[in-house]
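Got a sequence here, can you build the structure:
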Amino acid sequence: MAKSLLRIKARDMRRSQGLSLGHIARNLGVSKGSVSLWCEDIRLTPKQLKKLLKNKDNGMRLGQVNAASINRKRRLDVVEGFKKEGLEKVKTLNRNEFLIAGLALYLAEGAKKSRRVEFINSDPRVIRFIAKWLRVIFGIKSEEVACSVIINQIHRKREKKINNFWAEYLNIPLSQFRKMVFVKSKQNKIYENHENYFGTLRLCVLKSTYLSYRILGLIEGMMAAKVGRRSLMAKRAFHKRQSTGSIPVAGTS
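Numbering: from 1, shown residues only. Now for the predicted structure:
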């Protein structure tokens with residue numbers, strides 16, 4: 001059985017039946033460590049927990065359960081703390097910061113050898129960020145953009161739904177979407193979120209040879225730029241706050 005299918009089964013057994021990690025591991029023929037990793041975000045209901053503790057077979061004790069719950073909460077609190085810090089620290093971007101952020105993303109995911117501007121990514125938020133970046137920084141209008149989705153052939157029946165999702169999310173007319181590209185390679189991995197997967201989007205700016213050259217030139221400038229004294233001071237202040245405990249550090253508590 002494919003590992004991805006085993007993961008789905010393990011999560012279903014944990015979520016719906018509240019079975020112990022050991023029981024699931026034995027039933028599926030996998031390691032307990034794998035099951036623990038697959039199910040770490042699933043919280044048992046009080047009823048499931050009570051039933052689990054009564055089962056002498058699983059070898060669990062209330063102290064172990066409480067410790068695991070505390071550790072899980074601690075991890076989630078650390079993640080949430082950093083998320084709040086990020087939202088607080090990066091509330092707004094000025095035009096230059098927005099330019100640099102877009103250049104960094106384009107350096108990672110944009111076309112560097114093509115004679116036109118192309119950006120490919122499967123994260124809708126990243127695509128929307130780049131679309132806004134092109135509009136705000138370079139004045140690219142929506143009618144100057146063409147889109148196409150790349151996705152495995154098993155999603156062929158969802159073609160209309162997938163295109164509609166991207167068109168609505170990016171506020172780009174369906175008329176500017178080109179024929180969907182279906183990948184014919186065999187997909188062994190099975191996903192829980194089959195119906196919520198919308199493939200990878202290729203965003204192209206039409207007639208963008210000179211814009212491509214301009215973006216690549218700006219990237220060269222960004223890569224060669226020196227860090228200003230103010231930026232260094234801000235970085236040192238951030239690390240100082242970390243060392244004094246005013247900013248939570250992952251793995252500490």
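
From Leu218, how far off is Gly139?
With the distance defined as Cβ to Cβ, to the nearest Å, Gly139 ends up 15 Å from Leu218. From N, CA and C alone the C-beta is placed, and that goes for glycine too.

Those two - which one has more neighbours?
Counting neighbours by other Cβ atoms under 10 Å for Gly139 and for Leu218 shows that Leu218 has the greater number, 17 against 9.

and that one, that's in a helix?
Yes. Per DSSP: H, G, I helix; E, B strand; the rest coil, Leu218 lies within a helix segment.

Do a quick rundown of the helices in the stretch 51-200 of the chain.
With DSSP state H, counting those that start in this stretch as the criterion, the stretch 51-200 of the chain has helices at 62-89, 95-109, 124-138, 159-170.

Distance to Phe182 for the ones you listed - can I get that in a markdown table?
Putting these into a markdown table (distance: least, Cβ to Cβ, whole Å) gives the following:
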| stretch | distance to Phe182 |
| --- | --- |
| helix 62-89 | 36 |
| helix 95-109 | 21 |
| helix 124-138 | 19 |
| helix 159-170 | 9 |
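
count of neighbours near Cys147?
Here the number of neighbours of Cys147 (other Cβ under 10 Å) works out to 20.

I'd like to know the beta-bridge partner residues of it.
Beta-bridge partners recorded for Cys147 (DSSP bridges): Phe177, Leu203.

okay, it: pLDDT?
Here the pLDDT value assigned to Cys147 is 96.

Without its sequence neighbours, what residue ends up closest to Asp176?
Actually, residue 176 is Gln rather than Asp. Spatial nearest neighbour of Gln176, excluding adjacent residues (Cβ to Cβ, 6 or more residues apart in numbering): Ala146 at 5.5 Å.

That neighbour touches Ser175, doesn't it?
No. Using Cβ atoms under 8 Å, Ala146 is not in contact with Ser175, being 10.0 Å away.

Many thanks, we can stop here.
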